[in-house]
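Student: need a 3D model of the following:
(one chain, ligands or ions: 1)
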Amino acid sequence: MAEAFRFRIREHGPAGSPVHEPFTPADPKPGWVRLSLKAMALNRLDLWTTEGIPGFPLPLPLTPGCDGAGVVEAVGEGTALPPGVELGGSAMIAPGLSCSVCPACLRGDDMLCPAYGILGHVCDGTAATHVLVPAANLLPIPGNWSFEQAAAFPLVFLTAWEMLVHKCQLRPGETVLVWGGGSGVGSAAIQLVRALGGSAIAVVGSEAKAMQCWDLGAEHVLVRGDLKSLAGKVRELTGKRGVDVVFEHTGAATWTTSMAACSRGGRIVTCGATTGPETPFNLQALFAKQIQIRGSYMGRREHLWTLLSLIQRNPTNPPFRPVLDQVFALEDYPGAQRHLAAGQGFGKVVCRI
Ligand SMILES: [Zn+2]
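Tutor: This is a model prediction of the structure:
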């Protein structure tokens, strides 16, 4: 293990500021396992964790990284492994950590656990050659998937599934406006909307990303440009009705347009605020249009197994798959962070280990 290394946030700073350091991976305690990581995927949370979040102190120094896949290298004493996962075999990681004994955990709502946190945010994550995680957070990797694909899957697909299926109860035939169609969570949402029988109107920042959204199954793609005319285009595409669901994760810059593009009785669901958390809010539009607003954060760990079973039903042509943008070497994790922050890519930024 002489070559083991990780990236550390010693103090908060800009994207790309975590520093490389050698380390000695610890042995897993009972209930936990150690993975020798083969790939990790970046998320917006890597950037927020690196930059620091006002009012949310993090346990520094900290290794970021929520998503990862690798080989189960060591298992804590007396620890059972999930079905399809074995010592020496491959596995991917469910990024949500919870206490497993509170009422929320017992009914399966682990993301509502008072102790809920995300790997790489509340404890050391996957920007490393090795990581410790609870055995209950492992899942088998679909047969023909690479470690890179496996690492790019859990966080964004779980998030998008929770938002569409459980927060919005998306019904076949409904229309969904997906902001940031080229982002990790946006590219997952486009595919899930189609798989669920809905129709996605994807919004992207450039023409170059439009074609990729078509390929993922978007019914319509709008290049962002002027937001006022964008709401008008959405109404045109929906027979002046507006969309049934707005899939929000962009926040301040787009919220007013989301309200304008939402149909009467429609739902707006949000899992993020990449352009800022504070936004003007028109209460009249809210009650007159009877819009329902739903906040969402990750999802039940159990539902990763649901997604896995949908993939395994048709492994050669699954209804959805992670979209890889650029693959970096883990040694260039800071460069991967800067690439994600620049927002020019399409899909998930991944590091090979
Ligand atoms: Zn709990």
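
Student: return the per-residue confidence for residue 61.
Tutor: With respect to pLDDT, residue 61 has a value of 97.

Student: and residue 338, by the same measure?
Tutor: Per-residue confidence at residue 338 stands at 98 (pLDDT).

Student: look at the residue of the stretch 201-350 of the chain at minimum distance from the ion and report its pLDDT.
Tutor: Closest to the ion within the stretch 201-350 of the chain is residue 301: 11.4 Å, counting by CB to the ion. C-beta coordinates here come from the backbone N, C-alpha and C atoms, glycine included. You'll see residue 301 listed with a pLDDT of 95.

Student: roughly how far apart are the nearest residue to it once chain neighbours are set aside and residue 13?
Tutor: Sequence neighbours aside, residue 94 is the residue nearest to residue 301 in space, at 4.8 Å (criterion: CB to CB, 6 or more residues apart in numbering). Distance, residue 94 to residue 13, by CB to CB, to the nearest Å: 29 Å.

Student: ok, now which ones touch residue 162?
Tutor: 111, 296, 298-300, 303 (CB atoms under 8 Å, 6 or more residues apart in numbering).

Student: most neighbours, which of those residues?
Tutor: Among the contacts of residue 162, the one with the most neighbours (other CB atoms under 10 Å) is residue 299, at 28 neighbours.

Student: can you give me the pLDDT of residue 54?
Tutor: 87.

Student: contacting residues for it?
Tutor: By CB under 8 Å, 6+ apart, no residues touch residue 54.

Student: how about residue 349?
Tutor: 41-42, 184, 325-326, 328, 336, 339-340.

Student: kindly report the same for residue 11.
Tutor: Neighbouring residues of residue 11 by CB under 8 Å, 6+ apart: residue 60.

Student: all strands of the stretch 201-350 of the chain, in order?
Tutor: Taking DSSP state E, counting those that start in this stretch to define them, one finds strands in the stretch 201-350 of the chain at 220-223, 243-248, 262-270, 292-295, 324-329, 348-352.

Student: mind listing what residue 51 touches?
Tutor: Going by CB under 8 Å, 6+ apart, residue 51 touches 12-15.

Student: tell me the pLDDT at it?
Tutor: Predicted confidence (pLDDT) for residue 51: 97.

Student: check which helix or strand covers the residue nearest the centre of the chain.
Tutor: Nearest to the geometric centre of the chain sits residue 156, at 2.3 Å (CA atoms, centre = their mean). Taking DSSP states H and E as the criterion, residue 156 maps to helix 154-161.

Student: hmm, back to that, and the contacts of residue 349, which two are furthest apart?
Tutor: Spanning the widest gap among the contacts of residue 349 are 184 and 328, at 14.9 Å by CB to CB.
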